[in-house]
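# Pasted the sequence and its predicted model underneath.
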Amino acid sequence: QVQLVESGGGLVQAGGSLRLSCAASGRTFNTYTLGWFRQAPGKEREFVAAISWNGGSTNYPDSVKGRFTISRDNAKNTVYLQMNSLKPEDTAVYYCAASIQMRPSPPRGYDYWGQGTQVTVSS
């Protein structure tokens, strides 16, 4: 069982940056693939980033590639999402998630979810 708690969301102007954090409970944190997702009002949940258990592999969709960076600190049971060059279309609730699979298919392949943190980007 893993419990996830996101933080770091807020209001930022277009072109700005935010760093999201997701703190996890559980002694087996370093065995999970971790991901970030987002959901804007009226839209489906969208995959944003994923990182392997040891941080050696990351994956991003084209919509955020080059602007967002996922990282993890297994000693702190925390995963991060650094978001740069933010755009109004990045506005959404951001969720972190954990999967016991090495290559989970988003989003169904993820087993545990946080409650989300709001990110609002003003134009």
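Now that the structure is in, tell me what you want to look at.

# So for the protein, the centremost residue is which one?
Nearest residue to the geometric centre of the chain (CA atoms, centre = their mean): residue 36, 2.2 Å.

# and it, which of the three is it?
Three-state assignment for residue 36 (DSSP: H, G, I helix; E, B strand; the rest coil): strand.

# Next, work out how far apart it and residue 123 are.
Remark: distance between residue 36 and residue 123 (CB to CB, to the nearest Å) = 23 Å. Bear in mind the C-beta positions are built from the backbone N, C-alpha and C, glycine included.

# got it, and residue 61?
From residue 61 over to residue 123 (counting by CB to CB), the distance is 22 Å.

# So if I had to pick from these two, which one is more boxed in?
residue 61 (13 against 9; other CB atoms under 10 Å).

# okay but that one is in contact with residue 47, surely?
Yes. Residue 61 is within contact range of residue 47, at 5.9 Å (criterion: CB atoms under 8 Å).

# So the residue nearest to the centre of the chain is in contact with residue 49, correct?
Yes. Counting by CB under 8 Å, residue 36 touches residue 49, with 4.6 Å between them.

# Identify the contacts common to those two.
Residues touching both residue 36 and residue 49 (CB atoms under 8 Å, 6 or more residues apart in numbering): 68, 70, 81.

# I'd like to know which of those residues are buried.
68, 70, 81 (16 or more other CB atoms under 10 Å).

# Dump the residues you listed into a markdown table; add distance to residue 89 and secondary structure as well.
Shown next, in a markdown table, are these (distance: CB to CB, whole Å; DSSP: H, G, I helix; E, B strand; the rest coil):
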| residue | distance to residue 89 | secondary structure |
| --- | --- | --- |
| 68 | 13 | strand |
| 70 | 19 | strand |
| 81 | 16 | strand |
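
# Assign a three-state SS to residue 30, would you?
What three-state DSSP gives for residue 30 is helix.
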